[in-house]
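Engineer: only geometry, no sequence info:
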């Protein structure tokens with residue numbers, strides 16, 4: 001795995017797995033239509049852990065993305081490469097943040113909408129959350145975790161790490177020296193002589 005440490009892979013994998021499991025458990029414990037009782041035009045919702053699990057999953061996903069950013073920055077600073085060798089890693093890192101942001105948005109909206117308890121007069125039904133919102137959030141978190149790990153892999157696999165070659169500068173006795181352009185010109189050249197040829 002190159003210079004990328006194994007514990008970095010494990011930390012990102014653990015946080016990503018924890019967020020995915022929390023999102024799936026939140027989806028499994030959300031309120032279903034059979035759990036709601038309607039009495040005189042009022043919906044009675046049971047208590048559910050899906051609300052708090054969704055918010056915790058969103059927080060773990062955000063921490064997961066912060067950890068990816070910290071590890072990505074340290075991996076980027078350890079490398080001395082050209083731009084072509086790190087373009088895949090940067091692209092995977094950007095897609096990781098896009099997927100992570102989408103997962104966080106789905107988790108927060110799913111938790112908020114699960115807590116929404118109201119009777120919809122227009123349809124005569126109680127409001128319930130769509131079936132696969134937490135599942136879609138879990139998939140987005142999975143993609144974010146995969147892309148984060150992929151960015152680490154690109155750094156370890158495509159890195160042509162080598163120390164920069166030292167440039168030997170001769171000591172000039174403390175005087176700044178440069179290549180003079182006067183040495184290249186001939187001493188007998190006169191611009192007026194070349195004018196009338």
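Structural biologist: Thanks, I have it. These numbers come from a predicted model, not from an experiment.
Engineer: got the contact list for the lowest-mean-pLDDT helix or strand in the chain?
Structural biologist: One helix or strand of the chain scores below all others by mean pLDDT, DSSP states H and E: strand 119-120, with a mean of 70. Residues from elsewhere that reach strand 119-120 (CB atoms under 8 Å, 6 or more residues apart in numbering): 38, 41, 42, 43, 125, 126, 127. For the C-beta atoms, the positions are set from N, CA and C on the backbone; glycine is no exception.
Engineer: tell me the pLDDT at residue 160?
Structural biologist: The model reports residue 160 with a pLDDT of 49.
Engineer: ok, back up a step: direction included, what does the least confident helix or strand of the chain pair up with?
Structural biologist: strand 125-126 (antiparallel) (DSSP bridges).
Engineer: elements contacting the helix or strand just after the partner strand?
Structural biologist: Downstream of strand 125-126, the first helix or strand assigned by DSSP states H and E is helix 133-157. For helix 133-157, the packing partners by 3 or more CB pairs under 8 Å, 6 or more residues apart in numbering; DSSP states H and E come out as helix 6-28, helix 50-78, helix 83-115.
Engineer: any chance of those in JSON lines, with distance to residue 148 too?
Structural biologist: Shown next, in JSON lines, are the helices and strands packed on helix 133-157 (distance: least, CB to CB, whole Å):
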{"stretch": "helix 6-28", "distance to residue 148": "5"}
{"stretch": "helix 50-78", "distance to residue 148": "4"}
{"stretch": "helix 83-115", "distance to residue 148": "4"}
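Engineer: Just give the number of residues close to residue 131.
Structural biologist: Residues lying near residue 131 (other CB atoms under 10 Å) number 10.
Engineer: So which residue is dead centre in this protein?
Structural biologist: In the chain, the residue lying closest to the centroid (CA atoms, centre = their mean) is residue 97, at 3.1 Å.
Engineer: show me the contacts for the nearest residue to residue 102 once chain neighbours are set aside.
Structural biologist: Among residues not flanking residue 102 along the chain, residue 140 sits closest, at 4.7 Å (CB to CB, 6 or more residues apart in numbering). With contacts taken as CB under 8 Å, 6+ apart, residue 140 has the following neighbours: 99, 100, 102, 103, 106.
Engineer: for the protein, what are the low-confidence residue spans?
Structural biologist: 1-4, 75-85, 156-197 (pLDDT under 70).
Engineer: could you redo the last one with a cut-off of 50?
Structural biologist: Counting by pLDDT under 50, the chain has low-confidence residues at 1-3, 160, 163, 183, 197.
Engineer: ok, back up a step: who wins for neighbours among the contacts of residue 140?
Structural biologist: Most surrounded of these: other CB under 10 Å gives residue 103, at 30 neighbours.
Engineer: Touching, that residue and residue 145? I think so.
Structural biologist: No: with contacts defined as CB atoms under 8 Å, residue 103 does not count as touching residue 145, sitting 9.4 Å away.
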